[in-house]
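> Give me a 3D structure for the following:
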Amino acid sequence: MNPQKRDTVKLGLKLETSLLPQQRPSELPPRHGRSNRTGPRWLIGCILVLTWFLYGNRIWGPSQLKAAPFHFNITSPKDICPAIKGPAISHSGHIGLKGDSDNAPKRLFFWYFEAEHDAESAPIILTIGGGPGSSGMLNPMWAQGPCVATENATAPNPNRWTEHFNLLALDHPVGVGFSYGTLVNNSRDAAIDAYDFLQKFFRLYPHLSRNKFIISGGSYGGTYVPHIATVIHEQNLALAAGKGHPGAIRINLESMMVSNPMSDPTSHFSWFLQTACHSDVNNIYNASTCAEMYQILPACLDSIRFAEQAPGWSVERRAAAQNICWQIRGGDTHNNTVEDVRKQCWSNDPLGCLPPGILWIQAFFGRLEVREALGVGDQNFTGLSQEVFAEFSKRGDSMQSAYLLYEPLLSAGIRLLHYVGAQDANCNPHGILSFLKLLQSPFQDEFLRAPDVPWPTTDLDAATVRVVGEGAGNMTWILIDGGGHFVAHDQPELVKSIVEHWVENVPFE
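So this is what the prediction gives:
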């Protein structure tokens with residue numbers, strides 16, 4: 001896609017100097033034969049036809065006529081992301097959400113990478129960060145995009161997801177990455193913002209609205225993803241019933257992909273402590289720390305149950321549960337990393353227990369030429385937002401069994417994949433499998449009985465696969481050896497193959 005640059009216009013939309021998507025031939029109005037008429041009426045007709053070609057479906061299409069105007073600014077970055085087959089074709093910018101204004105902005109930043117093959121009809125993968133408070137831009141620049149950040153530059157990524165799929169990286173929620181403005185403090189409101197963003201994104205790129213849509217996330221994305229999927233599904237049902245927001249577009253949500261997620265606090269804290277104290281590879285905590293934390297665990301689990309019993313959403317109970325439970329994560333790790341039990345911290349930097357690639361990405365987005373290419377103006381990049389984390393913590397957002405949101409989604413035929421690094425203590429694979437077994441979906445009985453089958457890759461012990469359903473499955477669990485919390489970074493070639501099988505719904509064989 002090669003958007004065409006246009007000057008600021010005033011057509012009921014608050015447009016900055018922007019790049020508007022170039023029309024596809026299939027979206028243009030039918031051509032008419034040349035008229036023999038002359039004079040003013042012919043001239044007026046030509047002007048009207050020209051106006052339609054320039055603006056008709058780009059801004060004033062049938063659904064757009066019913067929808068409210070919004071802020072956006074879009075550019076097409078050049079020379080900052082080298083790919084295997086020449087520079088990557090991508091588009092980036094901000095989109096204003098409901099309530100946004102120049103005086104009180106509320107704007108999400110995105111970076112959309114076109115697929116190398118058949119971008120117009122290729123599936124779209126929405127990729128978001130975790131945290132809460134992690135930038136969604138970490139994903140494309142670390143494992144998923146056409147290029148990856150190196151210590152001082154960027155390099156082509158042989159294991160990019162963008163070879164066959166469109167990748168839409170989103171800084172979600174407001175306050176992370178380059179997104180800025182009025183914050184939200186919970187996953188439901190953040191999901192409503194994500195839906196608002198997607199509606200406006202598809203108004204700017206209408207040809208993509210027909211494509212298969214997949215949501216991808218990891219870590220705290222295990223709470224974000226089911227919320228976003230739920231809002232999309234609810235709105236799709238409303239549209240099908242003749243309701244929903246005026247001018248809204250049906251989003252073709254097909255599946256979800258989740259890696260090493262936090263989706264259930266009970267299993268999360270129970271199995272975190274189990275792994276931190278009884279790992280087969282390397283214990284995160286020593287004996288005295290384990291004894292201290294096991295004293296806290298019963299109060300943690302009771303507080304979660306107490307919060308869940310409250311009618312509606314009890315902020316006080318959930319915040320209290322979070323304050324108790326997160327103490328379990330605060331013990332001395334003795335320089336061991338919870339993201340990978342095989343590794344130790346490499347420096348005393350606040351991020352020194354995470355892979356150094358995160359610092360490289362932050363440095364990349366901090367460069368002036370990169371910010372100029374992305375069109376973010378004077379916005380600074382926040383890879384890990386403490387402010388967003390604090391807002392979600394005040395509300396006790398992590399104290400929810402978000403995995404239960406999958407039940408109606410699975411029943412509606414929306415597929416679910418969990419691919420998990422086996423060496424992660426942060427979001428332990430045993431804890432993840434434990435809540436998946438509890439999902440009361442049409443696939444529960446079969447999932448409980450299904451075997452974990454070695455996937456015949458070049459390394460026979462690299463992964464085991466549990467599939468329920470045809471093709472790649474309706475509900476699928478993949479355990480990946482040699483991967484920690486950041487499994488796509490640790491096993492990029494294998495994960496690329498997993499993603500391609502999943503999105504195309506091809507059996508793992």
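> buried set for the one helix or strand Cys325 maps to?
Per DSSP states H and E, Cys325 falls inside helix 315-325. Residues 315, 317-322, 324-325 are the ones in helix 315-325 that count as buried (16 or more other CB atoms under 10 Å). Quick note: C-beta positions are derived from backbone N, CA and C, even for glycine.
> Export only the CA atoms of that helix, formatted as PDB.
Provided in PDB are the C-alpha atoms of helix 315-325 (Å, rounded to 0.1, in the frame of the first residue of the first chain):
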ATOM      1  CA  VAL A 315     -12.300  -2.200  43.600                       C
ATOM      2  CA  GLU A 316     -11.500  -2.300  47.300                       C
ATOM      3  CA  ARG A 317     -11.500  -6.100  47.600                       C
ATOM      4  CA  ARG A 318      -9.500  -6.500  44.400                       C
ATOM      5  CA  ALA A 319      -7.000  -3.900  45.300                       C
ATOM      6  CA  ALA A 320      -6.500  -5.400  48.700                       C
ATOM      7  CA  ALA A 321      -6.000  -8.900  47.100                       C
ATOM      8  CA  GLN A 322      -3.400  -7.500  44.700                       C
ATOM      9  CA  ASN A 323      -1.500  -5.800  47.600                       C
ATOM     10  CA  ILE A 324      -1.300  -9.100  49.500                       C
ATOM     11  CA  CYS A 325      -0.600 -11.400  46.500                       C
END
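> Name the next helix or strand following that helix along the chain.
Sequence order places helix 357-366 as the next helix or strand after helix 315-325, per DSSP H and E.
> still on that earlier bit, nearest to Leu253, out of the buried residues of helix 315-325: which one, please.
Comparing the buried residues of helix 315-325 against Leu253 with CB to CB places Arg318 closest, at 27.8 Å.
> wait, what's in contact with the closest residue to the closest one other than its chain neighbours?
In space, and not counting its chain neighbours, Arg318 is closest to Gly396: 2.7 Å by CB to CB, 6 or more residues apart in numbering. For Gly396, the contacting residues are 307, 315, 317-322, by CB atoms under 8 Å, 6 or more residues apart in numbering.
> and if we set it to 6 Å?
By CB atoms under 6 Å, 6 or more residues apart in numbering, the residues touching Gly396 are 318-319, 322.
> now Trp455
463, 465, 508.
> same thing but at 8 Å, please
462-465, 478, 508-509.
> ok, those vs Val231, which is closest?
The closest of the contacts of Trp455 to Val231 turns out to be Ile478 (CB to CB; 26.4 Å).
> What are the contacting residues of the helix or strand where that closest one lies?
Secondary structure from DSSP H and E places Ile478 in strand 475-480. Identification of contacts with strand 475-480 by CB under 8 Å, 6+ apart yields 410, 415-422, 429, 433, 436, 439, 441, 443, 447, 452, 455, 462-469, 487, 491, 494-495, 498, 502, 508.
> quick one on the thing from earlier: which elements pack onto the helix holding Cys325?
With contacts defined as 3 or more CB pairs under 8 Å, 6 or more residues apart in numbering; DSSP states H and E, helix 315-325 has these neighbours: helix 265-278, helix 287-309, helix 386-394.
> which secondary structure elements does the shortest one contact?
In this case it means helix 386-394. For helix 386-394, the elements it packs on are helix 315-325, judged by 3+ CB pairs under 8 Å, 6+ apart.
> So what touches the helix it packs on?
Contacts of helix 315-325 (CB under 8 Å, 6+ apart): 265, 269, 296, 299-300, 303-304, 306-307, 310, 393-400.
> Quick one: buried ones out of those?
Among these, those buried by neighbour count (16+ other CB under 10 Å) are 265, 269, 296, 300, 303-304, 307, 393, 395-400.
> Keeping just the C-alphas, turn stretch 427-438 into PDB.
C-alpha atoms of stretch 427-438 as PDB (Å, rounded to 0.1, in the frame of the first residue of the first chain):
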ATOM      1  CA  CYS A 427       3.800 -17.100  34.100                       C
ATOM      2  CA  ASN A 428       4.300 -20.700  34.800                       C
ATOM      3  CA  PRO A 429       3.100 -23.200  32.100                       C
ATOM      4  CA  HIS A 430       1.600 -25.500  34.800                       C
ATOM      5  CA  GLY A 431      -0.500 -22.700  36.000                       C
ATOM      6  CA  ILE A 432      -1.600 -21.800  32.500                       C
ATOM      7  CA  LEU A 433      -2.600 -25.400  31.800                       C
ATOM      8  CA  SER A 434      -4.500 -25.600  35.100                       C
ATOM      9  CA  PHE A 435      -6.900 -22.800  34.200                       C
ATOM     10  CA  LEU A 436      -7.300 -24.000  30.600                       C
ATOM     11  CA  LYS A 437      -8.500 -27.400  32.000                       C
ATOM     12  CA  LEU A 438     -11.200 -25.500  33.900                       C
END
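> If you count neighbours, what's buried in it?
427-429, 431-436.
> out of these, which one sits closest to Phe213?
Checking these against Phe213 by CB to CB gives Leu436 as the nearest, at 22.7 Å.
> I figured Met159 hits Gly145, correct?
Heads up, residue 159 is Asn, not Met. No - at 10.2 Å, Asn159 does not count as touching Gly145 under the criterion of CB atoms under 8 Å.
> tell me the centre residue of the protein?
With distances taken as CA atoms, centre = their mean, the residue of the chain nearest its centroid is Ile128 (2.2 Å).
> can you pull the contacts of it?
Ile128 touches 136, 139, 169-170, 172, 194, 215-217, 221, 224-225, 228, counting by CB under 8 Å, 6+ apart.
> Which one (most neighbours) among these?
Using other CB atoms under 10 Å as the neighbour criterion, His172 leads those with 32 neighbours.
> State the helix or strand in which that one lies.
Per DSSP H and E: nothing holds His172, as it lies in no helix or strand.
> hang on, it packs against Ala190?
Yes - contact criterion CB under 8 Å: His172 and Ala190 qualify, at 6.3 Å.
> Please enumerate the shared neighbours of these two.
Tyr224.
> Which of the buried residues of stretch 427-438 fall within helices?
Among these, the ones falling in helices (DSSP state H) are 429, 431-436.
> Include pLDDT and distance to Glu372 when you put those into a markdown table, please.
Listed next are those as a markdown table, based on pLDDT from 0 to 100; distance: CB to CB, whole Å:
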| residue | pLDDT | distance to Glu372 |
| --- | --- | --- |
| Pro429 | 94 | 42 |
| Gly431 | 94 | 44 |
| Ile432 | 96 | 41 |
| Leu433 | 96 | 46 |
| Ser434 | 95 | 48 |
| Phe435 | 96 | 44 |
| Leu436 | 97 | 45 |
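> how far away is Phe435 from Pro123?
Distance of Phe435 to Pro123, given as CB to CB, to the nearest Å: 27 Å.
> next one: Glu500
For Glu500, the distance to Pro123 (CB to CB) stands at 10 Å.
> One more: Gln423?
As for Gln423, its distance to Pro123 is 30 Å (criterion: CB to CB).
> the more surrounded of the two?
Taking other CB under 10 Å, Gln423 and Pro123 do not tie; Gln423 has more neighbours (24 against 19).
> Spatially, what comes nearest to the more buried one if we skip its sequence neighbours?
Gln423 sits nearest to Gly484 (CB to CB, 6+ apart), 4.6 Å away.
> helix or strand for that neighbour, which one?
Assigned by DSSP H and E, Gly484 belongs to neither a helix nor a strand.
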